[in-house]
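*Asks:* Predicted model follows, preceded by the sequence.
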Amino acid sequence: MKKTEMGRFNISPDEDSSSYSSNGDFNYSYPTKQAALKSHYVDVDPENQNFLLESNLGKKKYETDFHPGTTSFGMSVFNLSNAIVGSGILGLSYAMANTGIALFIILLTFVSIFSLYSVHLLLKTANEGGSLLYEQLGHKAYGLAGKLAASGSITMQNIGAMSSYLFIVKYELPLVIKALMNIEDTNGLWYLNGDYLVLLVSFVLILPLSLLRNLGYLGYTSGLSLLCMIFFLIVVICKKFQIPCPVEAALMANETVNGTFTQAALAALASNSTSADTCRPRYFIFNSQTVYAVPILTFSFVCHPAVLPIYEELKSRSRRRMMNVSKISFFAMFLMYLLAALFGYLTFYEHVESELLHTYSAIVGTDILLLVVRLAVLVAVTLTVPVVIFPIRSSVTHLLCPTKEFSWFRHSVITVTILAFTNLLVIFVPTIRDIFGFIGASAAAMLIFILPSAFYIKLVKKEPMRSVQKIGALCFLLSGVVVMIGSMGLIVLDWVHDASAGGH
């Protein structure tokens, strides 16, 4: 779940760190995934967002003092890692299956390095621009257009994250119900229809939580999401050594009991050599689905709205210290992503689906361990969706009616509209791959490549345009434009080809 990432930030340094404030913030000392919350406005008056500069107007931009941070180095690493990891991890094996191992590692390395470089640009721009709000940096750099670009990109990324979470509900909840109720014949059972279940979960569980004005305990669920993904990775590695290959022979043999292979099936697989190529890893692959690899990777590494708030809360704050936090977090997620993609690919090879967890059911059925993983993932994503809705609703509210007082009617209408729109996407968009691809090629490319470099070029005045740093940022900006236009163009061509061929 290239998943949005929000958290708790103290607006006032003398705020009680053990309590929740009336505007919905909560203590950041807990490992939450919500570090972008402040960057997307809280439900308070707009003037309360200007806390960074009001008492420092007489200072130069890069001398602005922010309130002292209270979060340790280790907790900041955990928070940023939590902000990076998300539902995107479920699509990485699919990306490797359509690029090959070597090409995937090359792309993963470049995307992670580029993401880290954009964090460097963002931190330097924040120091020079005197703001730790993503949208405020956009406003300082390019006025209303910059603010809308930042706000729109973060909103699109959040909607993509919400959609990917609800896609997991659509894919996995029917399988969990089927396993728990031991149902064989699924024909005509509405409660095994993923579309109906998404609507039911959205409006029975998610909507009441999303209508809360204060996030409260939902902040605690973010740590659960990271732990869930670590558990998922462990299971993926273990299953590689339990599932025989070639998987094609398993499908043809169709000899399983309670989701596990019988001895006869295992013997048939061991003696079958006709599908040996199916189990041979490939290192470079180019096909129509390869175009989704870079968007999936960029979607998986987006955490930039969370970087500035985490930087603000870092104890003994300095740009070098925050860069060290970022390097450790990105390296940890690089290893996690690589292992998840590699072991998922080496389990199913070319049969990997766009959502890895669903592939296990399609090929080997469901056992107790996979059932526990599914339940953990479902709980985590269901409780994360309301947290993701919060910044989207706040952004819409402050864009449409920034001066009006809080209204429960307006609050409810915006919440229901956001949730209904996301449900329509999940129901009518064919696969989670399309969500990963589109959001990764558009909003994620903006947040990683284009906006940090554009803000840096405009706001960092002490470096001339002909300096190495500015030229590097300009090249980074141009590369982001190429990635976005190229990826979007190829994805649209793939959609057109699928439609003309009778696909989606």
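*Replies:* Cool, the structure landed.

*Asks:* If you count neighbours, what's buried in the host helix or strand of residue 239?
*Replies:* Using DSSP states H and E, residue 239 sits in helix 221-240. Buried residues in helix 221-240, counted by 16 or more other CB atoms under 10 Å: 221-226, 228-229, 231-233, 235-237, 239-240. Every C-beta, even on glycine, is put in place using the N, C-alpha and C of the backbone.

*Asks:* and it, how far from the chain's centre?
*Replies:* Remark: helix 221-240 is offset 15 Å from the chain centroid, using CA atoms, centre = their mean, to the nearest Å.

*Asks:* got it, and stretch 313-330?
*Replies:* 21 Å.

*Asks:* Any buried residues in that stretch, and which?
*Replies:* 313, 314, 317, 321, 322, 323, 325, 326, 328, 329, 330.

*Asks:* The fourth one reaches residue 310, doesn't it?
*Replies:* No. When contacts are counted by CB atoms under 8 Å, residue 321 is not listed as touching residue 310 (11.4 Å).

*Asks:* hang on, the earlier thing: need the buried residues of stretch 313-330 in a markdown table with pLDDT, can you?
*Replies:* A markdown table is the format used below for the buried residues of stretch 313-330 (pLDDT from 0 to 100):
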| residue | pLDDT |
| --- | --- |
| 313 | 84 |
| 314 | 87 |
| 317 | 85 |
| 321 | 93 |
| 322 | 93 |
| 323 | 94 |
| 325 | 94 |
| 326 | 94 |
| 328 | 95 |
| 329 | 93 |
| 330 | 95 |
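
*Asks:* Okay, and which of these map to helices?
*Replies:* Mapping the buried residues of stretch 313-330 onto helices (DSSP state H) picks out 313, 321, 322, 323, 325, 326, 328, 329, 330.

*Asks:* neighbours of the closest residue to residue 165 other than its chain neighbours, just the number please.
*Replies:* Leaving aside its sequence neighbours, residue 165 sits nearest to residue 381 (CB to CB, 6 or more residues apart in numbering; 3.9 Å). The number of residues packed near residue 381 is 28, by other CB atoms under 10 Å.

*Asks:* ok, and the helix or strand in the chain with the lowest average confidence?
*Replies:* The helix or strand of the chain with the poorest confidence is strand 256-257; it has a mean of 44 (mean pLDDT, DSSP states H and E).

*Asks:* pLDDT at residue 281, what is it?
*Replies:* For residue 281, the pLDDT comes out at 89.

*Asks:* now swap in residue 239 and tell me
*Replies:* pLDDT for residue 239: 89.

*Asks:* Residue 334 now?
*Replies:* On the pLDDT scale, residue 334 gets 96.

*Asks:* most residues in a single helix of the chain, which one?
*Replies:* Under DSSP H, the chain gives helix 134-181 as its longest helix.

*Asks:* any idea of the angle it forms with helix 221-240?
*Replies:* With axes from the mean of the first three to the mean of the last three CA atoms, to 10 degrees applied, the angle from helix 134-181 to helix 221-240 works out at 50 degrees.

*Asks:* and helix 134-181, what's its mean pLDDT?
*Replies:* Taken as a whole, helix 134-181 carries a mean pLDDT of 88.

*Asks:* Might you calculate how far it sits from the centre of the chain?
*Replies:* 8 Å.

*Asks:* got the contact list for stretch 285-299?
*Replies:* If you take CB atoms under 8 Å, 6 or more residues apart in numbering as the criterion, stretch 285-299 is touched by 2, 88, 91-92, 94-95, 97-100, 103-104, 107-108, 111, 115, 160, 433, 436-441, 444-445, 448, 483, 487, 490-491, 494, 497.
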